[in-house]
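Engineer: The following block contains a protein sequence and its predicted model.
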Amino acid sequence: MEEIEGVEFGDPDCILTEPLAIHGTSLSDWIPFADNKEIVIRSSDILTFLEPGKDILASYYSYKPIEPEVLTE
């Protein structure tokens, strides 16, 4: 999640990148019908943040391989 600075009250002020849905102990694409995997939401719509358990965290990192960042400088 990334916060968007300088927005007016009530406007979307957070970006979720590649969010996943949790179903029991498995994960799935939260927005499978869209190619763009960034969601802009209002922080007031977020109900809860929590640290995931070891099993969910392992599933999250194995769901999509982490691609290394390539520097082009």
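Structural biologist: That came in fine, so what should we check first?
Engineer: need the contact list for the residue most central in space within the chain.
Structural biologist: A centroid search over the chain (C-alpha atoms, centre = their mean) returns Pro19, at 3.3 Å, as the residue closest to the centre. Applying C-beta atoms under 8 Å, 6 or more residues apart in numbering, we find Pro19 in contact with Trp30, Ile31, Lys37, Ile39. Heads up, the C-betas are built off the backbone N, CA and C, glycines and all.
Engineer: go with 10 Å
Structural biologist: Contact partners of Pro19, counting by C-beta atoms under 10 Å, 6 or more residues apart in numbering, are Met1, Asp29, Trp30, Ile31, Lys37, Glu38, Ile39, Ile41.
Engineer: Phe49 too?
Structural biologist: Met1.
Engineer: on that earlier part again, can you go through the contacts of Pro19 and name the buried ones?
Structural biologist: With neighbours counted using 16 or more other C-beta atoms under 10 Å, the contacts of Pro19 contain these buried positions: Ile39.
Engineer: what would the contacts of Pro19 look like in JSON lines with pLDDT, distance to Ser62 and secondary structure?
Structural biologist: Converted to JSON lines, the contacts of Pro19 look like this (pLDDT from 0 to 100; distance: C-beta to C-beta, whole Å; DSSP: H, G, I helix; E, B strand; the rest coil):
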{"residue": "Met1", "pLDDT": "84", "distance to Ser62": "21", "secondary structure": "coil"}
{"residue": "Asp29", "pLDDT": "87", "distance to Ser62": "14", "secondary structure": "strand"}
{"residue": "Trp30", "pLDDT": "86", "distance to Ser62": "17", "secondary structure": "coil"}
{"residue": "Ile31", "pLDDT": "85", "distance to Ser62": "20", "secondary structure": "coil"}
{"residue": "Lys37", "pLDDT": "86", "distance to Ser62": "17", "secondary structure": "coil"}
{"residue": "Glu38", "pLDDT": "90", "distance to Ser62": "22", "secondary structure": "strand"}
{"residue": "Ile39", "pLDDT": "90", "distance to Ser62": "22", "secondary structure": "strand"}
{"residue": "Ile41", "pLDDT": "93", "distance to Ser62": "26", "secondary structure": "strand"}
